[in-house]
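Peer 1: Quick one, what's the 3D model for this:
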Amino acid sequence: MISAVYCRVVRWLQGMGRLTLFGKEVLWAVLGQGTRGRQLTYQLYFLGVKSQTVVLVTGAFTGMVLAAQTYFQFHKVRMDTATLAVVSVSMCSELGPVLTALMVAGRVGAALAAELGTMRVTEQIDALRTLATHPIDYLVVPRMLAIVLAMPLLTAESITVGVGSGYAVAVGFLNIDPSYTWHNMVNYTSPEDALMGLIKAVVYGAMIGLISCYKGMHCREGAEGVGRATTEAVVYSSITILVSNFFLTLSLNRLLHT
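Peer 2: Sure, this is the predicted structure:
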């Protein structure tokens, strides 16, 4: 029992070490050579533009259900007009960036791991090396930059649609006074809340891109290896987002609200 736990801990530490070295290599590649505009543009379209539908649907219905649940509780103490303020703060600082990152991890993370894993299994990555082309520069850097740039934009869209849909539910279905609702939302939502959400989005984008590209570039041989790499990319990215959100919330609140 003890030996099994020890072996698992050692494997986990080895994996974290390899991931750290992979991240260092990607960082040096980004700072050293950058990427071609055409590759970056295509990845922005594939990773960002084509993810808008799922992100907007998630933000809209999250804002609506949050407005309804908040109203049901606030109505008991006659605080109906504070409903949208709670929706706005929650969407800006927590639900917007976290849910957007989870949805992007499910769509983009799986796509990145599957694409790079298939290229590794079919020896396309080895072919790039024989042509004196570094796989990190050619394959990983454009995807990393694209997802880091796209995540804040997707998060901003999710926040905007979430707050707007929450306002529509509060005013149109729950009959809350629109003037006081809007005034309280503006009064209690600070720019720091939105900035916190955008900072989290950048961090989450880097996490999703790094973990997914690492799993794809280091997957095992065969179709089973590609499937396992895809699953691990989504699971590990989601867990990392949820765990890091706690520490980011504490540190960013102390940094931005002092």
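
Peer 1: what ranges do the helices span in this structure?
Peer 2: Remark: helices assigned in the chain by DSSP state H are 2-32, 37-47, 52-74, 83-90, 96-104, 110-121, 124-130, 135, 141-168, 178-188, 191-217, 222-256.

Peer 1: With mean neighbour count and mean pLDDT added, can I get the ones you listed in TSV?
Peer 2: For every residue, glycine as well, the C-beta is placed using N, CA and C. Formatted as TSV, those follow (neighbours: other C-beta atoms under 10 Å; pLDDT from 0 to 100):
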stretch	mean neighbour count	mean pLDDT
helix 2-32	12	79
helix 37-47	16	85
helix 52-74	19	92
helix 83-90	25	92
helix 96-104	26	94
helix 110-121	22	87
helix 124-130	13	78
helix 135	20	79
helix 141-168	23	93
helix 178-188	15	89
helix 191-217	23	92
helix 222-256	16	89
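
Peer 1: which residues touch residue 89?
Peer 2: By C-beta atoms under 8 Å, 6 or more residues apart in numbering, the residues touching residue 89 are 188, 189, 193.

Peer 1: burial of the second one, as a residue count?
Peer 2: Under the neighbour criterion other C-beta atoms under 10 Å, residue 189 is assigned a count of 21.

Peer 1: Not counting its neighbours along the chain, what's nearest it?
Peer 2: Distances taken as C-beta to C-beta, 6 or more residues apart in numbering place residue 88 nearest to residue 189, at 4.3 Å, with adjacent residues excluded.

Peer 1: Surely the one you found touches residue 187?
Peer 2: No: the pair residue 88 / residue 187 is not scored as a contact, 10.2 Å apart, by C-beta atoms under 8 Å.

Peer 1: and residue 87, how far is that from residue 153?
Peer 2: Residue 87 sits 21 Å away from residue 153, going by C-beta to C-beta, to the nearest Å.

Peer 1: swap in residue 77?
Peer 2: As for residue 77, its distance to residue 153 is 38 Å (criterion: C-beta to C-beta).

Peer 1: next one: residue 217
Peer 2: 26 Å.

Peer 1: again, but for residue 40
Peer 2: Residue 40 sits 14 Å away from residue 153, taking C-beta to C-beta as the criterion.

Peer 1: And residue 136, by the same measure?
Peer 2: Separation of residue 136 from residue 153 (C-beta to C-beta): 25 Å.

Peer 1: Over to residue 10?
Peer 2: Distance, residue 10 to residue 153, by C-beta to C-beta: 40 Å.

Peer 1: same thing with residue 3?
Peer 2: In terms of C-beta to C-beta, residue 3 sits 48 Å off from residue 153.

Peer 1: Find the nearest non-adjacent residue to the residue nearest the centre of the chain, please.
Peer 2: Centroid-nearest residue in the chain: residue 101, 2.3 Å away (criterion: C-alpha atoms, centre = their mean). With C-beta to C-beta, 6+ apart as the criterion, residue 101 has its nearest non-adjacent residue at 3.7 Å, and that residue is residue 204.

Peer 1: repeat for residue 60
Peer 2: Counting by C-beta to C-beta, 6+ apart, residue 165 is the residue found nearest to residue 60 once chain neighbours are left out, at 4.4 Å.

Peer 1: That neighbour contacts residue 68, doesn't it?
Peer 2: No: taking contacts as C-beta under 8 Å, residue 165 lies outside contact range of residue 68: 10.7 Å.

Peer 1: any shared contact partners between the two?
Peer 2: Overlap of the contact sets of residue 165 and residue 68 (by C-beta under 8 Å, 6+ apart) is empty.
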